[in-house]
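Trainee: For reference, the sequence and a predicted model appear below.
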Amino acid sequence: DTGPGGPPPTPVSARKNRVRKLSGVDLVVVTLMTVIPTLFVLVLVWFPAIASVLLSFTNWNGIGSLSQIKGIGFTNYVNVATNYPPFWPALRHNLAFFGVLFFIATPIGMFLAALLDKEMRFSRFYQTAIYLTVVLSLALVGFIWQLIYSRDQGLLNAVLHTQVDWYGDPSYNLWAALVA
């Protein structure tokens, strides 16, 4: 209340919707917080990535001056596809990883996120259990999966009563890594 004759108090909802102009210092800070990370990403990610793609169409082997570079078109790609035997299995493995992550893991993750966003019993416990895998280091998670997949003393082989070498057998190792 501003007293008699003063303007009426502004409702709370009107105060929340009011747009505030940035001061000069705020504008400088926002500009620096936008420009500096953008420059880092451009210099450390995009420039090397684009340069790698462009250099893949040349005969440069990474040693020597840049003035000796000659364009050779798709020759490097033809060579890797025809003269390098591990190329096609590696491409199949990459496509399998892409397919599993894109069509299975991502939809399951989105479903779980939507499910956990709802109010339900034990939701904090479920959120903690799922987020715990994000917080744990990759080395620790890898060690846990190594214990599960161990040929001699692994949990999976003990449950299934088998002696499968999950990471050593080429018919299982890709799928074991995808599950892990």
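Mentor: All right, it came through fine.
Trainee: confidence score at the spatially most central residue of the chain?
Mentor: Nearest to the mean C-alpha position of the chain, counting by Cα atoms, centre = their mean, stands residue 101 at 10.6 Å. Per-residue confidence at residue 101 stands at 92 (pLDDT).
Trainee: can you check the one 5 residues further on too?
Mentor: At residue 106 the predicted local distance difference test score is 93.
Trainee: what's the spacing between residue 83 and residue 122?
Mentor: Computed as Cβ to Cβ, to the nearest Å, the residue 83 to residue 122 distance reads 57 Å. For every residue, glycine as well, the C-beta is placed using N, CA and C.
Trainee: For stretch 166-180, which residues meet the burial criterion?
Mentor: Across stretch 166-180, burial judged by 16 or more other Cβ atoms under 10 Å covers 166-167, 174, 176.
Trainee: Mind checking which of those residues are in helices?
Mentor: 174, 176 (DSSP state H).
Trainee: Beyond the worst-scoring helix or strand of the chain on mean pLDDT, next helix or strand please.
Mentor: In the chain, the helix or strand scored least confidently by mean pLDDT, DSSP states H and E is helix 12-16, which has a mean of 60. Per DSSP states H and E, the first helix or strand lying C-terminal to helix 12-16 is helix 24-41.
Trainee: contact partners of the helix or strand that that next one is followed by?
Mentor: Next along the chain after helix 24-41, taking DSSP H and E as the criterion, comes helix 47-55. Helix 47-55 has contacts (Cβ atoms under 8 Å, 6 or more residues apart in numbering) with residue 69.
Trainee: and if we set it to 7 Å?
Mentor: Helix 47-55 has contacts (Cβ atoms under 7 Å, 6 or more residues apart in numbering) with no other residue.
Trainee: what's the average pLDDT for that helix?
Mentor: Averaging pLDDT along helix 47-55 gives 96.
Trainee: Pull out the buried positions in stretch 153-169.
Mentor: Of the residues in stretch 153-169, 154, 156-157, 164-167 count as buried by neighbour count, 16+ other Cβ under 10 Å.
Trainee: Flag the shaky bits of this protein, pLDDT-wise.
Mentor: In the predicted model, the chain carries pLDDT under 70 at residues 1-16.
Trainee: returning to that earlier point: closest one of the buried residues of stretch 166-180 to residue 135?
Mentor: Of all the buried residues of stretch 166-180, residue 135 sits closest to residue 176, with 23.5 Å by Cβ to Cβ.
Trainee: What residues does the closest one make contact with?
Mentor: By Cβ under 7 Å, 6+ apart, the contact list for residue 176 reads 149, 166-167.
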